[in-house]
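Undergrad: Dropping a prediction and its sequence here:
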Amino acid sequence: MKYLNKNLQSRTERKLKELNKLRPLPFSAVKKLQEQFQIEMTYNSNAIEGNSLTLKETFLVINEGITIKGKPLKDHLEAKNHQEALEYLYDLVEKGKKQTISEYFLRNLHKLIMQETDKEWAGKYRNSNVIIVGADHIPPDAIDIPNEMEKLRKWMEQNKRKLHIIELAALIHHKLVNIHPFFDGNGRTARLVMNLLLMQEGYPLAIVLKNDRKKYYRFLNQADKGNLIPFVNFIAQSLEHSLDIYLKSLTPFSQKRETFLSLSEISKQTPYSSKYLNLLARQGKLEAHKQGRNWLTTKEAVERYIKDRKRNRKINSN
Ligand SMILES: Nc1ncnc2c1ncn2[C@@H]1O[C@H](COP(=O)(O)OP(=O)(O)OP(=O)(O)O)[C@@H](O)[C@H]1O
Ligand SMILES: [Mg+2]
C-alpha cells in the first residue's frame, strides 16, 4: 500500500464486507441500482468530454429509445455506445472469470465506445501526435504507443498483487490517459477499465462526476508529475460514495423484510423443529440457502411455507 489513505482503505474495505454480508442481494433492488448507476456513469462520463445530454435525457435515450429534439445525433450515439460498453463489462463480471487487460481487450473496448461516432478510428491507435486540452503533459509520440502499451502491460503484471485493487485500478486509469493511445475516447476507455477491475472485486461503479471535472484534471496533472496520491484517493472517495448508496438502499430493505438465521434460531420462532426445517430446506420446499455447512432461512420464509401448505391442502380437498 503506497498511495491509498489508511482510513479510506479500511472504510471502503469494511463497506465492501458489509455489502458482501448482504449477499445474496435482493435481485430486483440490485438490478434497479445497477441501472441507475449505469445511467449516472454514462451521463457523467460523456458529459465530462462535452456531451450535451442531461441525466434525464441520457435516461430517456437509453431506456426509452427516445431522440431528444435539438441535441446532436453524435451525443445520442455516444450515450448508446457507452451504455453498450458498460453492459459488456457487466457481462464479463457476471461470468466470474478475471479479464486480462490486454492490448486486444483495450482496443476492443475502445471500439465499442466509438463504434458509431468514429468508425474510422474506433479500436485503432492514433497515428499522429496529440495534446490534451487543459493539461501540461504531452503524450508520447504516436510511433511509441505500441511500446508504451507493452510497458503498461508489464507494469500491470508486476503490480497486480503488490497494490491494493483501488490503487491498481486508479493507476491503470492514469497510465492509460497519460499514454493517450487513441485520438479520442481515452478518458472514457480509462474510466471503464478502472471500473471493470473494481467490479471484478465486488465493488460498485466509481463514478467521476462531471461536477468534479476540475478536480479530476488537477489530480491527473499532479499524477503526471509523479504525485499519485491525490488521484488515487479521489477515486477511492468516489467509490466509497457508491458503496454508501448501495448500503443505504439495500440494508434497511433486506433487514426489515427478511433476516437470515440458522435453523435452530428459526425453530424457536416457528412450530417446527430444526431437524424438520433442515429436511424442508434440503428438499427445496423451504426458501433457504447454505452458508458453509449450515442452512439459513427466515421467519417469513417459514410462514410462507405454512401458508402455501394450507392452500395446497384446501385445493386437494376440494
Ligand atoms: N493532465 C492529464 N494527464 C493525463 N490525462 C489527462 C490529463 N488531463 C486530462 N486527462 C485525461 O484525458 C481525457 C480526455 O481525453 P480524450 O478526449 O481522448 O478522452 P474522451 O473520453 O474523449 O474525453 P473525456 O475523457 O473528456 O470524456 C480526460 O478525460 C482525462 O481522463
Ligand atoms: Mg474527447
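TA: Looks like it came in fine. Numbers count the residues shown, from 1 in each chain. Ligands and ions are numbered 1, 2, ... in the order given.

Undergrad: Sort out which residues of the helix or strand harbouring L277 are buried, please.
TA: Following DSSP states H and E, one finds L277 within helix 274-282. For helix 274-282, the neighbour count (16 or more other Cβ atoms under 10 Å) marks 274, 277-278, 280-281 as buried. In this view, the C-beta of every residue, glycine as well, is placed from N, C-alpha and C.

Undergrad: repeat for stretch 143-151
TA: Neighbour-count burial for stretch 143-151, counted by 16+ other Cβ under 10 Å, picks out 145, 148-149.

Undergrad: hmm, back to that, next, format the buried residues of helix 274-282 as a markdown table and append pLDDT.
TA: As requested, these are exported to a markdown table (pLDDT from 0 to 100):
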| residue | pLDDT |
| --- | --- |
| S274 | 94 |
| L277 | 93 |
| N278 | 91 |
| L280 | 82 |
| A281 | 79 |
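
Undergrad: what does the protein have sitting close to ligand 1?
TA: Taking Cβ under 6 Å from any ligand atom, the part of the chain that reaches ligand 1 is made up of 45, 48-49, 132, 134-135, 137, 177-178, 184-188, 190, 217, 220-221, 224.

Undergrad: ok, K215 to ligand 1 distance?
TA: Note on K215: its distance to ligand 1, by Cβ to the nearest ligand atom, to the nearest Å, is 11 Å.

Undergrad: Grab the nearest non-local neighbour of that residue.
TA: With sequence-adjacent residues excluded and distances taken as Cβ to Cβ, 6 or more residues apart in numbering, K215 is closest to F234, at 6.5 Å.

Undergrad: check contacts around the closest residue to ligand 2 within the stretch 151-300 of the chain.
TA: Across the stretch 151-300 of the chain, no residue is closer to ligand 2 than D184, which sits at 4.4 Å (Cβ to the ion). The neighbours of D184, taking Cβ atoms under 8 Å, 6 or more residues apart in numbering as the test, are 114, 118, 121.

Undergrad: Closest one to I165 out of the residues you listed, please.
TA: Nearest to I165, judged by Cβ to Cβ, of the contacts of D184 is M114 at 27.3 Å.

Undergrad: Against ligand 2, how distant is that closest one?
TA: Between M114 and ligand 2 the computed distance is 10 Å (Cβ to the ion, to the nearest Å).
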